[in-house]
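Asks: Sequence first, predicted model second:
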There are 2 protein chains.
Amino acid sequence: MKYPNKIIKDQKKVINYANRGMTLESDLNITNQYYIDNNIAIINKKATPIKVTKVTYNATQKPLITEGFFQTPSTTDYNGVYKGRYIDFEAKETKNKKGFPINNLNQHQINHIKRIINHNGIVFIIIRWTTLSKTFLLKGEDLINFTITNKEKAIPISFFEKHGFIIKETFSPRLDYINIVNRVYFGGN
Amino acid sequence: MKYPNKIIKDQKKVINYANRGMTLESDLNITNQYYIDNNIAIINKKATPIKVTKVTYNATQKPLITEGFFQTPSTTDYNGVYKGRYIDFEAKETKNKKGFPINNLNQHQINHIKRIINHNGIVFIIIRWTTLSKTFLLKGEDLINFTITNKEKAIPISFFEKHGFIIKETFSPRLDYINIVNRVYFGGN
């Protein structure tokens, strides 16, 4: 029996959602909106950098992009402010069970993370292990230390368990990473 | 005598550059790169938010955007970190000589500035008065105070002269606004 492509695609989607709930990006967007609405922090996802190469204008002179390309991000995906301090992080999902492949982050992003540490900003990665249903916050300092002292191409789950912090999933806020930030960087409870 | 459009366009460009030097955005990009290279601060211009509505794939499976729209920015143009603190600003040029029209900033941006103040971030606007050849930094707090206590639709140049800070243009860094930030917010010289 053959299904049209569309239906097969939709089925895949359903299976994915069942496995892992909503995507990490979606959970973070909802969480960040919660932080803004409840006056906790102002964190935004950066827009995807796009190189626009052709534009036309319609009758109302509104520009319409007719050709453009996605560009490789040179920084991390999220930044903002919490208690006056600069907050910066990258968020990634992995289906792996044993290790997070470091090449999921590009060299520009690693360099950016080093610079933020150097300028006393708060920088970390949030990694969701979809198969294990666990989401960790790992400090930028620990990520960089790993890349310096290890030649492995993946950070093992045991490293996250030892150095990282589990972010619990709740109804609201969906993924309360600021709670971890408050504990880890501000000595809060 | 008639010129083809292309030449007229190029002539206009030359006249503009002669009048006002490089654009404010270009000066800020060069300055921000200087800050990164000299390990002073990490400030980046945010990507323009674009809603992508159609994508095709070429032979190498690289996505090509074939339809998209520019979106109204809901935050300011620049943010980053200096000495661990969150830095956020919007930059605008005006050809006016007497007043900076407040509607050059949209309501989302004004709300964003209020929120950053509320979270103890450092937020300001940089306004270049191209006709006067002057560039001012004005603290977000003073901007918001003006909008609360005045019904005028433009902030007069006198307000900038009284409450703002002139940013000097030099060869390098081109537009040293961090020098002002250091004095105004960190008590530096």
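Replies: Yes, it's here. All values reported here derive from a predicted model rather than from experimental measurement.

Asks: Please count neighbours and contacts with C-alpha atoms only from this point.
Replies: Noted.

Asks: Just the strands from chain A, written as ranges.
Replies: Assigned by DSSP state E, chain A shows strands spanning A:42-45, A:50-57, A:63-70, A:78-82, A:85-94, A:99-101, A:122-129, A:134-139, A:154-156, A:165-166.

Asks: Including mean pLDDT, distance to chain B and mean neighbour count, could the ones you listed go into JSON lines?
Replies: Output for the strands of chain A, formatted as JSON lines (pLDDT from 0 to 100; distance: least, Cα to the nearest Cα, whole Å; neighbours: other Cα atoms under 10 Å in any protein chain shown):
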{"stretch": "strand A:42-45", "mean pLDDT": "97", "distance to chain B": "7", "mean neighbour count": "20"}
{"stretch": "strand A:50-57", "mean pLDDT": "94", "distance to chain B": "8", "mean neighbour count": "14"}
{"stretch": "strand A:63-70", "mean pLDDT": "94", "distance to chain B": "5", "mean neighbour count": "17"}
{"stretch": "strand A:78-82", "mean pLDDT": "98", "distance to chain B": "6", "mean neighbour count": "24"}
{"stretch": "strand A:85-94", "mean pLDDT": "97", "distance to chain B": "4", "mean neighbour count": "21"}
{"stretch": "strand A:99-101", "mean pLDDT": "97", "distance to chain B": "22", "mean neighbour count": "18"}
{"stretch": "strand A:122-129", "mean pLDDT": "98", "distance to chain B": "8", "mean neighbour count": "23"}
{"stretch": "strand A:134-139", "mean pLDDT": "98", "distance to chain B": "15", "mean neighbour count": "21"}
{"stretch": "strand A:154-156", "mean pLDDT": "97", "distance to chain B": "26", "mean neighbour count": "16"}
{"stretch": "strand A:165-166", "mean pLDDT": "98", "distance to chain B": "22", "mean neighbour count": "18"}
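
Asks: Ok, which of those comes nearest residue A:25?
Replies: strand A:85-94 (7.6 Å; Cα to Cα).

Asks: Could you tell me how far the closest one lies from the centre of the chain?
Replies: 5 Å (Cα atoms, centre = their mean, to the nearest Å).

Asks: again with stretch A:50-61
Replies: Between the centre of stretch A:50-61 and the centre of its chain there are 30 Å (Cα atoms, centre = their mean).

Asks: Same check on stretch A:100-108?
Replies: The answer for stretch A:100-108 is 12 Å, by Cα atoms, centre = their mean.

Asks: Same check on stretch A:146-156?
Replies: 20 Å.

Asks: First residue to last residue on that stretch, what's the distance there?
Replies: In stretch A:146-156, first residue to last residue: 10 Å (Cα to Cα, to the nearest Å).

Asks: can you count the residues close to residue A:112?
Replies: Applying other Cα atoms under 10 Å in any protein chain shown, we find 19 residues neighbouring residue A:112.

Asks: Cross-check the contact I'm expecting between it and residue A:77.
Replies: No - counting by Cα atoms under 8 Å, residue A:112 sits too far from residue A:77 to count as a contact (11.2 Å).

Asks: follow-up on the earlier one: possible to save the strands of chain A as a markdown table with distance to residue B:37?
Replies: Putting the strands of chain A into a markdown table (distance: least, Cα to Cα, whole Å) gives the following:
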| stretch | distance to residue B:37 |
| --- | --- |
| strand A:42-45 | 25 |
| strand A:50-57 | 24 |
| strand A:63-70 | 26 |
| strand A:78-82 | 21 |
| strand A:85-94 | 20 |
| strand A:99-101 | 29 |
| strand A:122-129 | 20 |
| strand A:134-139 | 24 |
| strand A:154-156 | 30 |
| strand A:165-166 | 33 |
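
Asks: Residue A:108: which of those is closest?
Replies: strand A:85-94 (12.1 Å).

Asks: could you list every residue that touches the residue nearest the centre of chain A?
Replies: Nearest to the mean C-alpha position of chain A, by Cα atoms, centre = their mean, lies residue A:91 at 1.6 Å. By Cα atoms under 8 Å, 6 or more residues apart in numbering or on different chains, residue A:91 lies in contact with A:24-25, A:77, A:125-128.

Asks: ok, what's across the strand from it?
Replies: Legend: beta-bridge partners of residue A:91 under DSSP bridges are residue A:126.

Asks: same thing with residue A:54?
Replies: Beta-bridge partners, per DSSP bridges, of residue A:54: residue A:67.
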